[in-house]
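Engineer: mind looking at a prediction? Sequence and model below.
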Protein chains: 2
Amino acid sequence: METTPGLCTNPDAVTQGYIFNHTMLRVRDPKVSLDFYSRVLGMKLLRKVDFNEWKFSLYFLAMQKEETIGSDEQKTKYTAGLSGVLELTHNHGTEENPETPYHNGNTEPRGFGHICFSVPDIVAACARFESLGVPFQKRLGEGGMKNIAFIKDPDNYWVEIIEA
Amino acid sequence: METTPGLCTNPDAVTQGYIFNHTMLRVRDPKVSLDFYSRVLGMKLLRKVDFNEWKFSLYFLAMQKEETIGSDEQKTKYTAGLSGVLELTHNHGTEENPETPYHNGNTEPRGFGHICFSVPDIVAACARFESLGVPFQKRLGEGGMKNIAFIKDPDNYWVEIIEA
């Protein structure tokens, strides 16, 4: 990679044991979000943890081939060692709202933009999402970038679809 | 994993070729964000792409051992096949603002919460962040969860630190 302003190309060796582990999104109703991320996108639930005294629960998902097994401690350790984990936070009671109380970051105030899945065959994947009734933010062939699509998760977070 | 409402434990086989590829955050100034993610957290820049006609640039980073090499097409294909990629979007001109125009999702309107890095030794990692002058949202030992920390990136996005 050529020189880029600000980029450190020789970081401290200790950083090379760090793992970009997860991204956290708040969700209105874990039932519908788990359905979306497991049935539509194929993610496995690796770990669920309830903090009942603080009225929230966390769901950790990833594209793993196998379910996690073992004790809560083993699942926690396994999940922390992965990259590409999605953490969904459910503040208890939000599922009673008919609409999500959450903001997807793509209108003001902006910030977070989207998560992205790459797929082996984007035409097939988008046809499958259509057949499943998944809403699109942008279909293939629309807009300035014809070869990518954006679907929307149950809280209207944008999920980009690209071809690997 | 026990049954969880909404969870599909036997998703369509085609989904098992999908990859949770990246998370996108908008940043004010790529120079300071690249410094943070490369020098402080050790990420490599895999791909940079400029859309000058639309006045934005994208930077794709990941915890990879090696730099990407080859043509833009090869870098694009390589990056799309990974998990755990961070995409930083720079809308040209925002670096002239003294403060970030972006919202980190943790005050109203909430939504996205944080990204997270797991580290081999959290006490050592947090001491290193302190020595580098990285601002903390929550130090080890503070708050309800004593064994995790949150640092802040240059746009005030929260970066959770956990021990793997």
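Structural biologist: Received it, and whenever you're ready, just let me know what you need. Numbering: from 1, shown residues only, chains lettered A, B, ... in the order given.

Engineer: which elements pack onto the helix or strand of chain A with the lowest mean pLDDT?
Structural biologist: For chain A, counting by mean pLDDT, DSSP states H and E, helix A:72-80 ranks last in confidence among helices and strands (a mean of 93). In terms of contacts (3 or more C-beta pairs under 8 Å, 6 or more residues apart in numbering or on different chains; DSSP states H and E), helix A:72-80 is packed against strand A:44-51. Bear in mind the C-beta positions are built from the backbone N, C-alpha and C, glycine included.

Engineer: sheet partners, orientation included, of the strand it packs on?
Structural biologist: strand A:56-62 (antiparallel) (DSSP bridges).

Engineer: orientation of the strand it pairs with relative to helix A:72-80 in degrees?
Structural biologist: Orientation check (axes from the mean of the first three to the mean of the last three C-alpha atoms, to 10 degrees): strand A:56-62 against helix A:72-80 gives 60 degrees.

Engineer: name the surrounding residues that touch strand A:56-62.
Structural biologist: If you take C-beta atoms under 8 Å, 6 or more residues apart in numbering or on different chains as the criterion, strand A:56-62 is touched by A:22, A:30, A:33-34, A:37-38, A:43-51, A:79, A:82, A:84-92, B:4, B:20.

Engineer: hang on, A:Q16 packs against B:K65?
Structural biologist: Yes: between A:Q16 and B:K65 there is a contact under C-beta atoms under 8 Å: 7.3 Å.

Engineer: between the two, tell me which one has more neighbours.
Structural biologist: Neighbour totals were compared for A:Q16 and B:K65, and A:Q16 leads with 13 against 6 (other C-beta atoms under 10 Å in any protein chain shown).

Engineer: what about that one, distance to B:G42?
Structural biologist: According to C-beta to C-beta, to the nearest Å, A:Q16 and B:G42 sit 6 Å apart.

Engineer: give the residues shared as contacts by the two.
Structural biologist: In contact with both A:Q16 and B:G42: B:M63, using C-beta under 8 Å, 6+ apart.

Engineer: may I have the phi/psi pair for the most centrally placed residue in chain A?
Structural biologist: With distances taken as C-alpha atoms, centre = their mean, A:L86 lies nearest the centre of chain A, 4.6 Å away. Backbone dihedrals for A:L86, given as degrees, to the nearest 10, come out at phi -110, psi 120.

Engineer: is it true that it touches B:H22?
Structural biologist: No: using C-beta under 8 Å, A:L86 makes no contact with B:H22, being 11.7 Å away.

Engineer: overlap of the contact sets of these two?
Structural biologist: What both A:L86 and B:H22 touch, as defined by C-beta under 8 Å, 6+ apart, is the set A:I115.

Engineer: so how far is stretch A:27-37 off the chain centroid?
Structural biologist: 11 Å (C-alpha atoms, centre = their mean, to the nearest Å).

Engineer: just stretch A:83-101 next, same as before
Structural biologist: How far stretch A:83-101 lies from its chain's middle: 12 Å, per C-alpha atoms, centre = their mean.

Engineer: also stretch A:144-162?
Structural biologist: With C-alpha atoms, centre = their mean, you get 12 Å for stretch A:144-162.

Engineer: swap in stretch A:157-164?
Structural biologist: That offset, for stretch A:157-164, works out to 10 Å (C-alpha atoms, centre = their mean).

Engineer: let me see the contact set for A:K55.
Structural biologist: Here A:K55 is in contact with A:N91, A:H92, A:G93 (criterion: C-beta under 8 Å, 6+ apart).

Engineer: circling back to that earlier point, and the residue nearest to the centre of chain A, how far from A:G17?
Structural biologist: Counting by C-beta to C-beta, the gap from A:L86 to A:G17 is 22 Å.

Engineer: returning to what we had before: the contacts of A:K55 into a markdown table, with extra columns for secondary structure and pLDDT?
Structural biologist: Below are the contacts of A:K55 laid out as a markdown table (DSSP: H, G, I helix; E, B strand; the rest coil; pLDDT from 0 to 100):
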| residue | secondary structure | pLDDT |
| --- | --- | --- |
| A:N91 | strand | 98 |
| A:H92 | coil | 98 |
| A:G93 | coil | 98 |
